[in-house]
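J.: structure for this input, please:
(one chain, ligands or ions: 2)
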Amino acid sequence: MDNFKRLLRYLRPYRFRVAFAVMLMFVVTLSAIPMPLMQKQVIDVAIPKKDRDMLWLIFWGVIGLYLVRGLVSYTLNYLIGWLGQRVIFDLRFQSYRHLQRLSLAYYDGRQPGKIMARLTNDIDVIQYALTQGFVNFITDVATVFMVIGWLLYLEWRLALLALAILPLYVVNYKLLLSRIREVSVELQERRDKMIATLTEKVSAIAVVKAFVREKHETDYFMETVARNFELGMVQTKLNRFLGATSQFIRMLGTGGLLWYGGSLVMGQNLKPGELLAFYGYLNYLYDPAVRLVDFNVQVQWALAAVDRVFETLDTRPEIIDAPDAVHLPTVRGEVEFRNVTFGYDAEQPVIHDVSFRVNPGEIIAIVGPSGAGKTTIVNLLARFYDANEGQVLVDGHDVRKVRLETMRRHIGMVAQETILFSVSLRENIRYGKKSARDEQIIAAAQSADLHDFIMSLPDQYDTKIGEDGIKLSGGQKQRMAIARALLADPRILILDDATSALDSHTEANVQAALADLMKGRTSFVIAHRLSTIMNADRIIVMNEGRITDFGTHTELVNRPGVYHDLYQEQFKTVGDLSEEERVRLLSAAA
Ligand SMILES: Nc1ncnc2c1ncn2[C@@H]1O[C@H](COP(=O)(O)OP(=O)(O)OP(=O)(O)O)[C@@H](O)[C@H]1O
Ligand SMILES: [Mg+2]
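T.: Ligands and ions are numbered 1, 2, ... in the order given. Model (predicted):
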């Protein structure tokens with residue numbers, strides 16, 4: 001319920017509209033009163049007196065009443081629709097903005113589909129409760145109270161009879177409530193799971209097909225939706241049962257009224273028209289009463305959704321600016337790790353007591369077996385995660401004490417997995433720097449050995465990627481990512497296996513261009529190929545989360561250790577290298 005109050009707070013900026021809407025609701029409610037009275041007038045006054053003028057008056061009265069009512073409820077629904085959409089807009093916008101702020105650790109622990117479900121499904125459920133549900137709730141509560149008062153005034157004995165059955169509604173509802181809630185919550189969870197499965201499996205369709213798992217995946221999905229079907233049916237049954245029993249209770253009331261009211265008319269204690277009017281008001285009593293019960297069911301749904309949406313909004317980003325964070329307009333590019341220990345799960349460190357210092361402009365290669373912690377090192381430098389112990393320093397500033405945004409602007413990264421967006425090639429490269437001019441984009445593409453390829457496409461730089469555009473090869477994607485990072489013109493460049501998908505010829509081209517660009521920038525190059533590694537000034541050798549060696553190629557190759565072995569291994573395959581590389585390699589070895 002606290003969360004529901006919090007949701008209502010989203011209406012606060014629009015309180016005048018809300019107030020106006022509530023006023024209109026009362027007009028709609030009040031407009032319920034005249035109709036049965038007019039019926040009564042026809043039966044009790046106009047017909048006995050044969051008063052045709054009065055019939056005409058009532059005719060125009062009914063038309064007028066419905067015109068006004070129609071107009072008011074149109075305005076009301078428009079207003080409420082607007083309010084609902086607006087709150088949803090705010091909520092979605094806020095959630096998305098918050099998701100952008102949350103740290104990688106948040107995403108590590110969640111399926112993307114489940115995160116999406118918050119912003120789509122859940123918010124839709126809330127919208128329904130907030131708009132239609134909310135209007136119904138207010139008008140119904142108002143109507144019920146107004147009609148009760150009015151009935152008591154008209155004929156209190158009949159009114160008490162009509163009211164006597166209302167508690168039955170409540171009891172009936174309470175009996176079913178907990179089951180209804182349980183089912184709603186489970187159903188929503190199932191839906192989330194379904195979306196999560198869909199997003200994951202649809203984007204991995206190639207893997208599914210490669211391993212001929214289509215049938216298995218279909219069966220698995222079938223299981224999920226079969227359970228949804230079951231639950232959906234349980235929910236339908238519960239709702240219908242609630243509906244049917246409510247109808248039955250209502251009929252008890254109606255039957256009782258006809259019987260007792262009829263006998264009052266026979267005893268001349270009530271006029272026929274009054275009985276008719278009474279009967280008319282009964283709809284205004286029971287319909288809202290049933291709807292209120294139903295509204296409660298919707299609220300159960302909405303509350304579960306509200307809880308989940310706020311859960312996301314309440315997750316605090318782990319990586320945030322310290323209050324005293326400094327702004328670093330420029331950096332030289334000195335990087336130091338001081339006794340850094342880190343684990344994605346703090347209990348299980350994957351980086352142990354790592355220390356090293358890199359001078360501005362140095363090119364550093366990081367080598368080591370898979371899982372050694374190379375990517376983790378650069379993740380810490382980019383401050384995707386914070387160290388558990390020790391410090392990461394740039395130009396002597398602890399990265400935790402530097403404003404995140406300015407810090408990251410100095411770092412350009414080509415990540416191990418290349419991600420491009422479904423926009424044009426130009427826009428994909430421009431992602432590195434929004435203000436880049438076309439010449440700069442072309443220059444970046446040239447450095448990444450992409451320009452000729454792009455120019456050979458019919459739409460050149462305007463060629464779209466994805467859905468209705470081209471699909472790029474792994475190596476082309478990597479070069480796109482390199483161009484993007486280069487465009488950002490960072491002081492610190494991180495290339496995480498950035499050339500792994502390139503053939504040796506293309507790699508040599510890219511390397512040559514990169515070598516130029518790396519000049520004057522501190523660069524971290526994670527690579528497995530010796531030819532790439534040898535371009536570095538110094539090499540960090542990692543194993544099992546520790547730095548086992550650090551030095552120049554010549555130093556390392558002459559010491560026994562991981563690097564020496566790696567060198568020996570690749571040296572054997574030197575026959576596969578290009579002429580140029582072979583010369584370089586042999587001269588370095590000499
Ligand atoms: N997001 C993550 N959450 C939890 N553990 C992770 C995460 N990323 C990596 N790890 C773990 O951290 C360890 C180091 O991983 P890291 O990615 O740094 O290795 P790497 O040296 O880059 O390997 P590779 O050469 O295969 O890319 C591994 O044991 C891995 O299981
Ligand atoms: Mg890695």
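
J.: list the contacts of the residue of the stretch 1-150 of the chain found nearest ligand 2.
T.: Taking C-beta to the ion, ligand 2 has its nearest neighbour within the stretch 1-150 of the chain at residue 104, 14.1 Å off. (Each C-beta comes from the backbone N, C-alpha and C, glycine too.) Contacts for residue 104 (C-beta atoms under 8 Å, 6 or more residues apart in numbering) come out as 379, 384, 385.

J.: if we go to 7 Å?
T.: 384, 385 (C-beta atoms under 7 Å, 6 or more residues apart in numbering).

J.: same thing with residue 481?
T.: Residue 481 makes contact with 414, 418, 498, according to C-beta under 7 Å, 6+ apart.

J.: can you do 6 Å?
T.: 414, 418 (C-beta atoms under 6 Å, 6 or more residues apart in numbering).

J.: span of stretch 97-117 from start to end?
T.: In stretch 97-117, first residue to last residue: 16 Å (C-alpha to C-alpha, to the nearest Å).

J.: and that stretch with ligand 1, contact?
T.: Yes: applying C-beta under 6 Å from any ligand atom, one finds that stretch 97-117 is in contact with ligand 1 at residue 108.

J.: report the buried residues of that stretch.
T.: By 16 or more other C-beta atoms under 10 Å, the buried positions in stretch 97-117 come out as 98, 99, 102, 103, 106, 111, 113, 114, 115, 116, 117.

J.: just flag the most distant two among the residues you listed.
T.: For the buried residues of stretch 97-117, the maximum inter-member distance is 20.5 Å, found between 103 and 117 (C-beta to C-beta).

J.: which elements pack onto the helix or strand encompassing residue 178?
T.: Using DSSP states H and E, residue 178 sits in helix 166-203. With contacts taken as 3 or more C-beta pairs under 6 Å, 6 or more residues apart in numbering; DSSP states H and E, helix 166-203 sits against helix 112-117, helix 214-266, helix 272-314.

J.: mean confidence for it?
T.: Mean pLDDT, computed over helix 166-203, is 82.

J.: likewise stretch 516-523?
T.: Mean predicted confidence for stretch 516-523 is 80.

J.: and that stretch, which residues are buried?
T.: For stretch 516-523, by 16+ other C-beta under 10 Å, it's 517, 518, 521, 522, 523.

J.: please apply the same query to stretch 272-288.
T.: For stretch 272-288, the neighbour count (16+ other C-beta under 10 Å) marks 273-282, 284-286, 288 as buried.

J.: and the residues you listed, which two are the farthest apart?
T.: Checking those with C-beta to C-beta, the most distant pair is 273 and 288, at 23.8 Å.

J.: sorry, back to before: just name the most buried of the helices and strands packed on helix 166-203.
T.: helix 272-314 (a mean of 20; mean count of other C-beta atoms under 10 Å).

J.: okay, the angle between that helix and helix 214-266?
T.: Going by axes from the mean of the first three to the mean of the last three C-alpha atoms, to 10 degrees, helix 272-314 is angled at 150 degrees with respect to helix 214-266.

J.: and helix 272-314, how far from the chain's centre?
T.: Computed by C-alpha atoms, centre = their mean, to the nearest Å, the chain-centroid distance of helix 272-314 equals 29 Å.

J.: tell me the residues of the chain that contact ligand 2?
T.: Residues of the chain found near ligand 2 (C-beta under 5 Å from the ion) are 375, 416.

J.: strands of the chain, residue ranges please.
T.: 335-342, 351-358, 363-367, 389-394, 397-398, 411-414, 492-496, 522-526, 538-543, 546-551 (DSSP state E).

J.: got CSV for the ones you listed, with distance to ligand 1 too?
T.: CSV is the format used below for those (distance: least, C-beta to the nearest ligand atom, whole Å):
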stretch, distance to ligand 1
strand 335-342, 9
strand 351-358, 8
strand 363-367, 8
strand 389-394, 15
strand 397-398, 21
strand 411-414, 13
strand 492-496, 7
strand 522-526, 7
strand 538-543, 7
strand 546-551, 12
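
J.: that concludes my questions; thank you for your assistance.
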